[in-house]
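A.B. asks: only geometry, no sequence info:
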Ligand SMILES: Nc1ncnc2c1ncn2[C@@H]1O[C@H](COP(=O)(O)OP(=O)(O)OP(=O)(O)O)[C@@H](O)[C@H]1O
Ligand SMILES: O=P(O)(O)OC[C@H]1O[C@H](OP(=O)(O)OP(=O)(O)O)[C@H](O)[C@@H]1O
C-alpha cells in the first residue's frame with residue numbers, strides 16, 4: 001500500500017477553522033489529535049490515505065516546500081514571506097481572515113519618502129516589510145520578533161511594527177494605531193509541486209477540499 005499523504009496543519013488559530021473544512025472532505029483526525037495531554041505530533045485520520053501533522057504556522061510551509069508533507073494549510077502572509085518556489089496554492093480556504101499592517105504610536109509622524117529614508121521596524125515578516133517600503137524608496141531595518149510585537153514601541157526596541165491585525169484589540173490595548181495595510185490575509189491550501197505531479201492522490205484531495213470550501217460557502 002502507498003505511504004499516506006501528510007497534511008501539515010498550523011497548531012494556532014487557523015486549526016479550529018480548518019478542521020470543519022477537512023471534515024467536509026472526509027478527513028477527521030483520530031481522537032488523540034484533540035487530547036491536550038498527548039505529545040504525539042502525527043495523527044491518523046478517517047481517510048485511509050491521509051495523516052495529519054500539527055506544527056507551527058511558518059513550519060507548515062517548510063514541511064510542504066521540502067516534500068516532507070504533500071499538502072498543508074498556511075496564511076498567505078506566511079506563503080509570501082517565504083516565497084518557496086516548490087509550493088503552489090490552488091485554493092483560498094476563506095478562513096483565517098486578518099491583515100498585515102504597519103502600526104505605531106498615535107502621535108508618530110506619518111511615514112513618507114520625504115521624511116524618512118530609513119525606518120526601524122519590529123516584525124515577524126522582514127521580507128514583506130522590506131519589499132513594502134523599498135517600493136517607496138524607504139529602507140526598512142527589521143528586528144525579527146516571533147510574537148508580542150506590540151511591546152517593541154512601548155519599550156523602545158523599534159518605533160514601528162508590522163504585524164497581523166484582526167479586530168484591532170491588541171493594537172488598541174497597547175496604545176498603537178494601524179497606519180497602512182500591507183496585505184489582506186486568508187489561509188490557503190498549499191501543495192508540493194513535485195508531489196502533485198508524481199502522486200495522483202494529491203489532485204483528488206485538492207478537488208475534495210475545493211468542493212468542501214464551496215459547500216461551506218453555500219451552507
Ligand atoms: N488575529 C488573527 N486573526 C485571524 N487570523 C490570524 C490572526 N493572527 C494570525 N492569523 C493567521 O494565523 C496564522 C498563524 O498565526 P500566528 O502566527 O499568530 O499563530 P501562532 O500559533 O502564534 O504561530 P506560531 O506558533 O508559528 O508563532 C497567521 O499566519 C495568519 O495567517
Ligand atoms: O487584532 P487582533 O484581533 O487583536 O489580533 C491581532 C493579534 O493576533 C496575532 O497574535 P496571536 O494572538 O496569534 O499571538 P502571537 O502574538 O503569539 O502571535 C497578531 O500577532 C496580533 O498580536
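C.D. replies: That came through fine. Just so it is clear, the structure is predicted and the values come from calculations on it, not from any experiment. Numbering: from 1, shown residues only. Ligands and ions are numbered 1, 2, ... in the order given.
A.B. asks: okay, now residue 198: neighbour count?
C.D. replies: Look at residue 198: counted by other Cβ atoms under 10 Å, it has 11 neighbours. Placement of C-beta: from N, CA and C, glycine included.
A.B. asks: And for residue 155?
C.D. replies: Count around residue 155 with other Cβ under 10 Å applied: 8.
A.B. asks: Just list the residues touching it, thanks.
C.D. replies: Going by Cβ atoms under 8 Å, 6 or more residues apart in numbering, residue 155 touches no other residue.
A.B. asks: need the strands for this structure, in chain order.
C.D. replies: Under the criterion DSSP state E, the chain contains strands at 5-10, 42-44, 50-55, 71-75, 87-92, 98-105, 118-123, 139-144, 160-165, 176-185, 187-192.
A.B. asks: could these go into JSON lines alongside mean pLDDT and mean neighbour count?
C.D. replies: Listed next are the strands of the chain as JSON lines, based on pLDDT from 0 to 100; neighbours: other Cβ atoms under 10 Å:
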{"stretch": "strand 5-10", "mean pLDDT": "97", "mean neighbour count": "23"}
{"stretch": "strand 42-44", "mean pLDDT": "97", "mean neighbour count": "15"}
{"stretch": "strand 50-55", "mean pLDDT": "97", "mean neighbour count": "20"}
{"stretch": "strand 71-75", "mean pLDDT": "98", "mean neighbour count": "28"}
{"stretch": "strand 87-92", "mean pLDDT": "97", "mean neighbour count": "16"}
{"stretch": "strand 98-105", "mean pLDDT": "97", "mean neighbour count": "21"}
{"stretch": "strand 118-123", "mean pLDDT": "95", "mean neighbour count": "19"}
{"stretch": "strand 139-144", "mean pLDDT": "97", "mean neighbour count": "15"}
{"stretch": "strand 160-165", "mean pLDDT": "98", "mean neighbour count": "24"}
{"stretch": "strand 176-185", "mean pLDDT": "97", "mean neighbour count": "17"}
{"stretch": "strand 187-192", "mean pLDDT": "98", "mean neighbour count": "26"}
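A.B. asks: Make TSV from the ones you listed and add distance to residue 65 to it.
C.D. replies: TSV is the format used below for the strands of the chain (distance: least, Cβ to Cβ, whole Å):
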stretch	distance to residue 65
strand 5-10	10
strand 42-44	18
strand 50-55	13
strand 71-75	9
strand 87-92	5
strand 98-105	20
strand 118-123	21
strand 139-144	20
strand 160-165	21
strand 176-185	19
strand 187-192	7
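A.B. asks: nearest to residue 23, of the ones you listed?
C.D. replies: The closest of the strands of the chain to residue 23 is strand 50-55. By Cβ to Cβ, the value is 11.9 Å.
A.B. asks: That closest one and ligand 1, any residue contact?
C.D. replies: No: using Cβ under 6 Å from any ligand atom, we find that strand 50-55 stays clear of ligand 1, coming within 8.2 Å at best.
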